[in-house]
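1. just the structure for this:
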Amino acid sequence: MATILHPTLESDHVADHPGRRRLIVLYDLVLDPDDPALGHQLTERVTVRAVDDGGAFTAPRSAALLATETTFVGVSGVQRRAVEAVLWRTDLDVQQDWWRAGPDGAIEALAEWVDHLRAEIVVSLSSEAVATATTPVLTGSWGALGRD
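-> Residues are numbered from 1 along each chain as shown. Now for the predicted structure:
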């Protein structure tokens with residue numbers, strides 16, 4: 001039986017691009033020597049979505065921030081998997097901050113809502129899920145008022 005261990009979701013700055021962030025999903029896929037998925041083409045689907053913690057007056061964006069699909073061959077033992085994508089910082093602002101421009105054009109804060117993200121990982125063999133996992137929630141503030 002395939003198993004996913006240590007699923008994580010991270011956000012990192014992109015050098016020389018202050019408005020961009022790198023999202024990184026990491027996990028270990030473990031296949032036993034007698035696993036039916038061994039040696040077969042596996043499909044990996046990673047979807048990053050907002051998590052609603054109920055702390056704001058409006059619901060977070062419902063559309064997925066990231067949805068990827070790739071294939072790889074399953075091997076015996078532990079395979080370290082990584083999915084990376086570079087997104088605009090504002091795309092991570094799923095619980096959008098409230099602000100306005102002052103008379104001089106400067107941003108005036110009204111309310112800053114903390115953003116919560118989570119990745120869902122599904123590894124499939126012939127369209128049948130053989131392993132699934134969800135990362136712990138990544139919390140930050142990436143919007144106009146944020147200091148991620």
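
2. list the contacts for A144?
-> Residues counted as contacts of A144 (CB atoms under 8 Å, 6 or more residues apart in numbering) are 90, 93, 97, 99, 107. Where C-beta positions appear, they are placed from N, C-alpha and C, glycine not excepted.

3. in PyMOL, how would I select just the buried ones from the residues you listed?
-> Selection of buried members from the contacts of A144 for PyMOL, criterion 16 or more other CB atoms under 10 Å:
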select buried, resi 93+97
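
4. any chance of the contacts of A144 in CSV, plus secondary structure?
-> Formatted as CSV, these follow (DSSP: H, G, I helix; E, B strand; the rest coil):
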residue, secondary structure
T90, helix
D93, coil
D97, coil
W99, strand
I107, strand
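
5. a markdown table for the contacts of A144, including distance to P60 and pLDDT?
-> Below are these laid out as a markdown table (distance: CB to CB, whole Å; pLDDT from 0 to 100):
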| residue | distance to P60 | pLDDT |
| --- | --- | --- |
| T90 | 14 | 88 |
| D93 | 9 | 89 |
| D97 | 12 | 81 |
| W99 | 17 | 80 |
| I107 | 21 | 81 |
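
6. dump the contacts of A144 into a markdown table; add distance to A64 as well.
-> Shown next, in a markdown table, are the contacts of A144 (distance: CB to CB, whole Å):
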| residue | distance to A64 |
| --- | --- |
| T90 | 16 |
| D93 | 15 |
| D97 | 21 |
| W99 | 25 |
| I107 | 28 |
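
7. so which of the contacts of A144 comes closest to L9?
-> D93 (16.0 Å; CB to CB).

8. from V48, how far out is the closest one?
-> 14 Å (CB to CB, to the nearest Å).

9. now do the helices in the chain.
-> Counting by DSSP state H, the chain has no helices to list.

10. the longest strand along it - contacts with which helices or strands?
-> What stands out as the longest strand in the chain, according to DSSP state E, is strand 17-31. If you count contacts as 3 or more CB pairs under 8 Å, 6 or more residues apart in numbering; DSSP states H and E, strand 17-31 packs onto strand 3-14, strand 41-50, strand 77-88, strand 115-125.
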